[in-house]
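Chemist: Fold the following.
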Amino acid sequence: NFWRQLNDLIDFSFVVDMLKDKYSSTMGRTAEDVIRMFKFLLLKSYFKLSDRGLVERTETDLLFKYFLGYEPEETKLINPSLLTVFRRERLKDEEENLMDKLINKTVEIAL
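Modeler: As a prediction, this is how the structure comes out:
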């Protein structure tokens, strides 16, 4: 399966490095895992799901759970509104499209 191979072959730690200046270690509540949030957006764009539809499908789809790092029996997932906040607050940059950069880096590593 493509998603299983992608998950097993790619070290997604580059996402943390590329977005580290978008987070504060001293202010605000603890953030959701940045890698997981990026993986959510990869699934969302590939399967053309809404934020709510993506989280709902993740509740029952074991492939999604595996790719996102959830245990099969885990039921406490993110709130769909976090995906909107992640896109608007963390991936927004006037000069560059960070999502495109993250996807390009993923493809570069995969190749």
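Chemist: rest of the way, CA atoms for contacts and neighbours
Modeler: OK.
Chemist: pLDDT weak spots in this protein?
Modeler: For the chain, the stretches flagged by pLDDT under 70 are 23-31, 93-96.
Chemist: hey, where'd the helices end up in this structure?
Modeler: Ranges of helices within the chain are 2-9, 13-19, 34-47, 51-60, 62-68, 81-85, 98-110, based on DSSP state H.
Chemist: For those, give me a markdown table that also has mean neighbour count.
Modeler: Written out in a markdown table, the entries for the helices of the chain read as follows (neighbours: other CA atoms under 10 Å):
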| stretch | mean neighbour count |
| --- | --- |
| helix 2-9 | 12 |
| helix 13-19 | 14 |
| helix 34-47 | 16 |
| helix 51-60 | 16 |
| helix 62-68 | 17 |
| helix 81-85 | 14 |
| helix 98-110 | 14 |
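Chemist: so residue 19 sits right up against residue 90, yeah?
Modeler: Yes: assessed by CA atoms under 8 Å, residue 19 is found in contact with residue 90 at 7.3 Å.
Chemist: May I see the helices of the chain organised as TSV, with distance to residue 74 added?
Modeler: TSV is the format used below for the helices of the chain (distance: least, CA to CA, whole Å):
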stretch	distance to residue 74
helix 2-9	18
helix 13-19	23
helix 34-47	15
helix 51-60	8
helix 62-68	9
helix 81-85	18
helix 98-110	27
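Chemist: I'd like to know which of those helices lies nearest to residue 75.
Modeler: Proximity to residue 75, assessed across the helices of the chain by CA to CA, is greatest for helix 51-60 (6.4 Å).
Chemist: now stretch 65-72, how far from the centre of its chain.
Modeler: The chain centroid and the centroid of stretch 65-72 are separated by 12 Å, computed with CA atoms, centre = their mean, to the nearest Å.
Chemist: Go ahead and flag the most central residue of the chain.
Modeler: The centroid of the chain falls nearest to residue 38 when counting by CA atoms, centre = their mean (2.0 Å).
Chemist: For that residue, give its distance to residue 79.
Modeler: Residue 38 sits 15 Å away from residue 79, going by CA to CA, to the nearest Å.
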